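> make a model of this:
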Amino acid sequence: MTTRPNKTVFALLAAFSSSIGLSAAPMVAIGDNAALFVTGVAGITYQDNVFRTQTNRTDDFFFRLQPGVELQFGSQGAASAALFASGEILRYADQSGLNNELLHLLLTASLDEQVYQISFLASYDERSINSLDRASEITDASGIARDLNDTAVQINGRYAFSNLTSVSAGLVFNRRDYNDQGLAGSESFSVPVSLFYEVSPVLDARLGYQWRKVDIIGSNDTFVDSYRDNHFTIGLVGELGSPVFTGDLSVGWMERKFRGDIAMFPFANRKINSITYDVGVTYNATNSSYTLRLERDYMTSIFGGQNFSRSQVSVLGRFSLVPMWSATAMLGYSFSDYSNSDREQDDYFGRVGVHYTPNEYVRVSATISHNRVDGTGLQASDYRANTFSVSASLRY
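The predicted structure follows:
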């Protein structure tokens with residue numbers, strides 16, 4: 001029975017602390033089963049198009065300081081937990097109105113027994129979108145700084161009925177609030193269920209279903225619209241014919257039914273049926289790895305809750321160059337098509353980074369990224385943006 005990696009946890013860990021991956025001994029060992037780490041990130045970033053606009057481009061530097069702590073429990077046993085907490089300070093050289101202080105909190109817990117596994121996650125994440133290299137919200141809306149708060153709670157369990165079959169189920173809550181009162185946030189609750197069958201000791205077939213309820217929230221917590229999803233998927237997870245190839249492959253069919261009236265888009269289709277896919281394949285070489293991802297899903301615009309489909313392809317490479325030096329490179333393209341609208345967007349993005357890790361406590365990184373968006377139609381984004389950053393990460 002293979003174990004599917006939790007993509008949500010990985011994404012949150014990466015967002016909350018760039019020091020994740022450093023394998024330092026703890027600053028303080030609390031008994032035999034707990035450890036306290038001090039973490040931190042300090043860096044400077046240059047953006048040649050801060051507000052991601054087509055004309056009247058504004059460039060600026062911003063400085064980032066993110067001190068934090070990491071508390072781990074039970075790393076030696078079947079039950080474990082970890083708490084990550086950090087504060088992020090952003091200071092711009094010229095655009096002082098973009099200065100910000102952000103809070104990041106993440107709690108994870110897991111119980112891993114031979115027959116069953118249980119995992120829990122709770123997080124609160126404040127973000128300043130214009131300070132990121134790339135995020136889906138950037139291409140959906142440009143021209144102004146966007147601050148948002150994400151809250152998430154999820155619990156998942158998996159039980160093995162036999163050596164060949166197992167079932168997983170979960171409860172997931174997410175809420176997104178924008179500080180800009182003119183933007184549409186959301187609140188969602190979903191119930192994913194999957195049945196696994198062991199094709200081989202390193203490969204599982206998966207049959208999945210997810211029910212999801214989403215409420216679109218306008219200014220002052222007013223209700224804008226809501227929809228219900230029935231999402232059916234089938235796929236494979238594990239080794240793909242050889243130990244050097246691993247994958248998580250899923251294709252499916254989603255039915256989305258709307259329940260309310262959209263004030264901004266009263267002509268919107270009240271039912272959507274769509275093919276979805278989420279395919280990730282990784283090739284692991286001796287000193288490098290390459291990951292190909294193909295994705296298609298429906299998303300919700302922050303302008304009035306309008307739905308749009310996003311199809312995306314990306315390639316990520318990780319390279320161990322020489323002792324203490326590594327590199328990453330990523331290229332991608334996505335196409336967004338907005339329902340019942342003439343709005344369409346092509347998004348081209350890339351990133352190259354070089355990383356120096358002199359010891360288990362410190363990592364120094366330099367990253368350059370490019371984002372090009374070509375949009376047509378009402379409220380479409382259309383811009384070019386480049387970002388260069390240098391940062392140092394600490395975990396002690």
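> and the closest residue to residue 170 other than its chain neighbours, how far from residue 190?
In space, and not counting its chain neighbours, residue 170 is closest to residue 156: 3.7 Å by C-beta to C-beta, 6 or more residues apart in numbering. Heads up, the C-betas are built off the backbone N, CA and C, glycines and all. To residue 190, residue 156 is 11 Å away according to C-beta to C-beta, to the nearest Å.
> ok, now residue 57?
Distance from residue 57 to residue 190, by C-beta to C-beta: 39 Å.
> swap in residue 338?
23 Å.
> any low-confidence regions in the stretch 201-350 of the chain?
Where the stretch 201-350 of the chain drops to pLDDT under 70, the residues are 218-224, 260-269, 302-305.
> check which residues of the strand or helix carrying residue 186 are buried.
Per DSSP states H and E: residue 186 is located in strand 185-200. For strand 185-200, the neighbour count (16 or more other C-beta atoms under 10 Å) marks 185, 186, 187, 188, 190, 192, 194, 195, 196, 198 as buried.
> among those residues, which two are most distant?
Across those, the longest distance by C-beta to C-beta is 41.0 Å; it joins 185 and 198.
> for the stretch 251-396 of the chain, what spans make up the strands?
In the stretch 251-396 of the chain, the strands defined using DSSP state E, counting those that start in this stretch lie at 271-284, 288-300, 307-322, 325-338, 344-356, 362-376, 383-395.
> out of those strands, which is closest to residue 79?
Checking the strands of the stretch 251-396 of the chain against residue 79 by C-beta to C-beta gives strand 383-395 as the closest, at 23.1 Å.
> other SSEs contacting that closest one?
Applying 3 or more C-beta pairs under 8 Å, 6 or more residues apart in numbering; DSSP states H and E, we find strand 383-395 packed against strand 34-47, strand 362-376.
> was I right to think residue 148 contacts residue 175?
No. The criterion here is C-beta atoms under 8 Å, and residue 148 misses it with residue 175 at 10.5 Å.
> shared neighbours of these two, anything?
residue 185 (C-beta atoms under 8 Å, 6 or more residues apart in numbering).
> okay, the helices and strands packed on strand 383-395 in a markdown table with mean neighbour count next?
Formatted as a markdown table, the helices and strands packed on strand 383-395 follow (neighbours: other C-beta atoms under 10 Å):
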| stretch | mean neighbour count |
| --- | --- |
| strand 34-47 | 19 |
| strand 362-376 | 18 |
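> returning to that earlier point: what's the average pLDDT for the strand holding residue 186?
What strand 185-200 shows for mean pLDDT is 95.
> so what strands line up beside it?
Strand 185-200 has the following strand partners under DSSP bridges: strand 165-178 (antiparallel), strand 203-217 (antiparallel).
> and the pLDDT at residue 38?
As predicted, residue 38 sits at a pLDDT of 93.
> who touches it in this structure?
27, 67, 68, 69, 70, 394, 395, 396.
> and which of the residues you listed is nearest to residue 163?
Distances from residue 163 to these, taken by C-beta to C-beta, are shortest for residue 70, at 36.4 Å.
> contact partners for that closest one?
17, 36, 37, 38, 39, 82, 83, 84, 85, 395.
> gap between the residue lying closest to residue 154 once chain neighbours are set aside and residue 61?
Of all residues not flanking residue 154 in the chain, residue 172 sits nearest, at 4.2 Å (C-beta to C-beta, 6+ apart). Separation of residue 172 from residue 61 (C-beta to C-beta): 38 Å.
> run a quick neighbour tally on residue 106.
Look at residue 106: counted by other C-beta atoms under 10 Å, it has 22 neighbours.
> please name the bridge partners of it.
Applying DSSP bridges to residue 106 yields these beta-bridge partners: residue 84, residue 123.
> wait, doesn't it sit right on residue 81?
No. With contact defined as C-beta under 8 Å, residue 106 does not count as touching residue 81 (11.2 Å).
> tell me, what's touching these two both at once?
Contacts common to residue 106 and residue 81, judged by C-beta under 8 Å, 6+ apart, are absent.
> out of the buried residues of strand 185-200, which one sits closest to residue 233?
residue 194 (8.2 Å).
> so what's that closest one closest to, chain neighbours aside?
For residue 194, the closest residue by C-beta to C-beta, 6+ apart turns out to be residue 208, at 4.2 Å.
> check the burial of the one you found by counting its neighbours.
By other C-beta under 10 Å, 17 other residues sit near residue 208.
> what's the local residue count around the nearest residue to residue 178 once chain neighbours are set aside?
Closest residue to residue 178 apart from its sequence neighbours, by C-beta to C-beta, 6+ apart: residue 148 at 5.0 Å. Residue 148 has 19 neighbours, counted by other C-beta under 10 Å.
> got the CA positions of the helix or strand where residue 148 lies in PDB?
In the assignment (DSSP H and E), residue 148 maps to strand 147-160. Provided in PDB are the C-alpha atoms of strand 147-160 (Å, rounded to 0.1, in the frame of the first residue of the first chain):
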ATOM      1  CA  ASP A 147      -4.000  41.200   0.800                       C
ATOM      2  CA  LEU A 148      -5.800  38.100   1.800                       C
ATOM      3  CA  ASN A 149      -6.300  35.700   4.800                       C
ATOM      4  CA  ASP A 150      -6.600  31.900   4.300                       C
ATOM      5  CA  THR A 151      -8.000  29.700   7.100                       C
ATOM      6  CA  ALA A 152      -8.000  25.900   6.700                       C
ATOM      7  CA  VAL A 153      -8.900  22.900   8.800                       C
ATOM      8  CA  GLN A 154      -8.800  19.300   7.500                       C
ATOM      9  CA  ILE A 155      -8.800  15.800   8.900                       C
ATOM     10  CA  ASN A 156      -8.200  12.700   6.900                       C
ATOM     11  CA  GLY A 157      -8.100   9.000   7.600                       C
ATOM     12  CA  ARG A 158      -7.200   5.800   5.800                       C
ATOM     13  CA  TYR A 159      -8.000   2.200   6.700                       C
ATOM     14  CA  ALA A 160      -6.700  -1.000   5.200                       C
END
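> no further questions, thank you.
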